[in-house]
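Trainee: Have a look at this prediction, sequence included:
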Amino acid sequence: MNEAVRAAVERLVPHRGGMLWLERIVACDGESAVAEAVVRDDHPFLDGAGVPAWVGIEYMAQCIAAWAGGQALAKGRPVSPGFLLGTRRYESRRPELAVGTRLRIEARRELMGDNGLGMFACRILDGDDEIAVANVSVFEPPDPDAYLGRTTE
């Protein structure tokens, strides 16, 4: 991945190293985010010629993280980690995501409470083919370190 493009993704998403799966942020506004990723042959969940379809949930969560990062920067705040709480109705039309597949991940905010709880309608596409959909629940605490019981000194 081009270093400038990776830096742009890292500006919005707190993941690093092999756990940063997004290749590019296509769009990010107050309601939604769109990202792209390629299933790599060094993916940490690689199983044969691809990754299990359930890994799509994390691609969706990282797209939501890009949205949250964009919102934080727009408000002059630092990008901070959030938490994937779960999904409802995750459906995949494929048993696996094959290595080399270019994914388009879309996340649209359904609700976001003042308490940091949110729900997003997400989908993953391979070209024009919708291959996975889900409603994803997330939590963005106001102070992630305090939430995790970590102290910063």
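Mentor: That came through, no problem.

Trainee: roughly how far apart are the residue nearest to Pro141 when sequence neighbours are not counted and Val136?
Mentor: Spatial nearest neighbour of Pro141, excluding adjacent residues (Cβ to Cβ, 6 or more residues apart in numbering): Tyr147 at 4.0 Å. The way it works is simple: take the backbone N, C-alpha and C, and place the C-beta from them, glycine included. Distance, Tyr147 to Val136, by Cβ to Cβ, to the nearest Å: 19 Å.

Trainee: Those two - which one has more neighbours?
Mentor: The neighbour comparison of Tyr147 against Val136 (other Cβ atoms under 10 Å) goes to Val136, with 23 against 14.

Trainee: Pull out the buried positions in the helix or strand harbouring Glu130.
Mentor: If you go by DSSP states H and E, Glu130 is part of strand 129-139. For strand 129-139, burial by neighbour count (16 or more other Cβ atoms under 10 Å) applies to Ile131, Ala132, Val133, Ala134, Val136, Ser137, Val138.

Trainee: Against which helices or strands is that strand packed?
Mentor: Strand 129-139 makes packing contacts with helix 56-74, strand 83-92, strand 102-112, strand 117-126 when contacts are defined by 3 or more Cβ pairs under 8 Å, 6 or more residues apart in numbering; DSSP states H and E.

Trainee: Give me the below-cutoff pLDDT ranges for this structure.
Mentor: Applying pLDDT under 70 to the chain flags residues 1-7, 145, 151-153.
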